[in-house]
Every structure is written in C-alpha cells, then in structure tokens.
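Asker: Dropping the sequence and predicted coords here.
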Amino acid sequence: MNLIGNNVIVDPSGLVKEINELQQNGIEISSGNLALSDRAHLTLAYHKKLDEAIGSGIGTTGRGIGPTITDKSARTGIRVFDLFDLNALEKKVRDNLDLVNYFLDYYDAQNCEFSEIWDELLEKREKILPFVCRDTKSLILKNKGSLLFEGAQGTMLDIDLGTYPFVTSSNPTIGGAYTGAGVYVLFDRIIGVMKSYTTRVGNGVFPTEQCNKVGERLRKRGNEFGTTTGRPRRCGWLDLFAAKYAVEVNGINEISLTKFDILDKEKNIQVCVGYFIDGRTIDYFPITKIQYCNPIYETFSGWETDTSKIKKPVDLPENARKYIECVEDFLEVPVKRVGVGPRRDQIIEF
C-alpha cells in the first residue's frame, strides 16, 4: 500500500500521468495499493504560472509548490476533499484565480483563463477520485510495524531549519514525517540517505562547491541533473559538518551512502570536517551565517579502483574503507549500506 499523505502537495496532472505510465508498463494501480489523503493540497496550473513569475530568484523548480503552500497557509488552498463538491470548488478556483491574475499583472505575466484551469481539473478529477482515502489514520495504524516513510529533498532545504530563503516551502526533516502522517508512530529506524559527495540544485549557499574540473567530473560521472527540471546540479566535496547537523536535527541512526563509485577515479578526495569564520573555527552549525563560512578540509588518498562490482565490505579497497570509517567516526552513526551503482544489486550491506 502506498499512501500520499495529507502534508503532500499534489499536482493532479502529474499524478494522473504517473498512474497512466505505471499501468502502461503492466503495473496494476488501484485503490488496493494507492491511497490519496483527502486533506492533501492540489497544485493547479495557475500555481505553476505564478511560480514561474516570482520564484526564479531563489531557483525554484517552477512547479507551483511554493504558491500552493502559500494558499495553504492563507487558508485559501484547494484540497483533494474539495473535488467532491463541484459548486464550492468552482467558486474557490474563481476566487483564487482573481488574486493570481492580479499578481501576474504586477509581474507583467500572461493571465490564466478560468476555462483552461477548470477543464483540466475536471478531466483529472475523474481519474483521482477512486484513490481518495478519508481515514488515513486508520490505514497507517493498521500497518503499524511495517511502514516506510519517504521524505523528499534534504535538511538544508527545510523552510525552518535550512539555508533560508534558498529552501523549499515545507519541512523535509523528521517533523514533516509526523505532520505528513497525521498520526504518531514510533520511528525505530531513521535512515539518512546521503551521497558520497555533496550536490545542490538551484541557488543558495554551498560551502564545499567545486566550480572547477572536480565539480564537472562529479556532475558528469554522477549524471547530476535535476530529476524534475533537468537542471545541472552544483557539485562539491562531501560536507560532513553539514551532515552532522542533519543527523542531529533528524535523530538519524543509520546512514545509506550512495554514489560511492563516482569517486572511484579521484586521486585525492577532500572532506569538509568543519567551518571557520574570520579565521576562527566554530563548534556549531551556523545556519544563519553559513554564507560567511569557509570549509576546513581533510584530504584522503583515493582508491582509484572500480568498486561497481564489489558485493562485500571486505572486498573494498583499503582507502575506500578509510573514507567510510571517516564518515562513521565524524557522524557517530554507522554506515549500513553503500551504493556503488544505480541498480539494487549494487548495494553493499554492512
């Protein structure tokens, strides 16, 4: 069972497209394996239009997420629940569209037509309604003990705890899992997923970014382009100081280290183990002053060996094991698995 929770922003067109693609590939999708909370908020075409007009300065995806959450916070948002009452839904869409077009005029952007928004929404509505779940709490509690919660993006993009204003519009940290579930469950395993180097897409502070041949190599080998937009990701050395902050914020108790093989050809590898400001080191993560920080690096000799076919930890080169041990020692959290390729059979279990 897959549940799209109440704290998720849902693009009806994108959801229907994904359902259709899965079904076309022979994967059965029904209310028996997909549920959509009736409290989830919907992103409509006018949200995307507004995002394109006002969001470019901070490097958003232009997919309408920020404006959707703005409506949510202003209590003018449209939820999945609203799809059941077309009269009330039409009034909400018209009222919101009047305000959106006012802002689009301000930004000299083309207005949105109600008929286009409405017709598209009605078309997608018929496909979505069969999956709507009114009681997600019972669904979650019924499966207690065998649940996997997946959070998108990362700690540095958290609107409260990240590098504001270059953040997303919600909480991809552990708190978002609780509000997104809508009910308390005990997370006995909190898995931190991080790459063996650091990347960022969009604007914002990035202390270990490598605007040089190193960054270009990492991007090319790692195929570092945005999943939804195709934008090239910014690449740099692993920032363990930032990762430590993420571990503490989220209560992470195990690490999955991905894309380890991307470092296979590096002769020397650097790892950030601290920051300094004005010539002095600091012992806390300065989220509001990070733009003034410079990284403190520890340099490792690379292993210069193909790791993509390795199945057991003992078969990893000595320098590769030292790199993993550095991650564990600094974060004080065990690395439980290392990815050496994109396939499931390229995961080394520790």
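Answerer: Okay, I see it.
Asker: Report the outermost residue of the chain with respect to its centre.
Answerer: Here the chain reaches farthest from its C-alpha mean at Asn87, the gap being 35.1 Å by C-alpha atoms, centre = their mean.
Asker: Next secondary structure element downstream of the helix or strand where it lies?
Answerer: Here Asn87 sits within helix 86-106, counting by DSSP states H and E. Note on helix 86-106: by DSSP H and E, the next helix or strand toward the C-terminus is helix 114-128.
Asker: Not counting its own residues, what contacts that following helix?
Answerer: Contacting residues not belonging to helix 114-128 are listed as 12-13, 15-16, 19, 36, 44-46, 80, 83, 89-90, 93-94, 97 [C-beta atoms under 8 Å, 6 or more residues apart in numbering]. C-beta: built from backbone N, CA, C; applies to glycine.
Asker: Looking at those, which two lie furthest apart in space?
Answerer: With C-beta to C-beta as the measure, no two of the contacts of helix 114-128 lie farther apart than Ile19 and Arg94, at 27.9 Å.
Asker: Between the two, tell me which one has more neighbours.
Answerer: Ile19 (17 against 12; other C-beta atoms under 10 Å).
Asker: So Phe330 versus Gly236, what's the distance?
Answerer: Phe330 is 17 Å from Gly236, where distance means C-beta to C-beta, to the nearest Å.
Asker: Who has more neighbours out of those two?
Answerer: Each of Phe330 and Gly236 had its neighbours counted (other C-beta under 10 Å), and the higher figure belongs to Gly236 (22 against 19).
Asker: how near is the more buried one to Ile4?
Answerer: With C-beta to C-beta as the criterion, Gly236 and Ile4 are 33 Å apart.
Asker: what do you get for Tyr46?
Answerer: Tyr46 sits 22 Å away from Ile4, taking C-beta to C-beta as the criterion.
Asker: Which one of the two is surrounded by more residues?
Answerer: In terms of neighbours (other C-beta under 10 Å), Tyr46 is the more surrounded of Tyr46 and Ile4; the figures are 26 against 19.
Asker: Now tell me what touches the one helix or strand that one maps to from outside.
Answerer: Assessed by DSSP H and E, Tyr46 sits inside helix 45-54. Outside helix 45-54, the residues that touch it by C-beta under 8 Å, 6+ apart are 13, 60-68, 71, 96-97, 100, 103-104, 107, 109-110, 112, 116-117, 120.
Asker: Skip ahead from it and say which helix or strand is next.
Answerer: helix 65-73.
Asker: Quickly run through the sheet partners of the longest strand along the chain, with directions.
Answerer: Looking across the chain with DSSP state E, the single longest strand is strand 268-277. Strand 268-277 sits in its sheet next to strand 238-239 (parallel), strand 280-281 (antiparallel), strand 294-301 (antiparallel), going by DSSP bridges.
Asker: In CSV: those, plus distance to Gln270 and mean pLDDT.
Answerer: Listed next are these as CSV, based on distance: least, C-beta to C-beta, whole Å; pLDDT from 0 to 100:
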stretch, distance to Gln270, mean pLDDT
strand 238-239, 8, 98
strand 280-281, 17, 94
strand 294-301, 4, 97
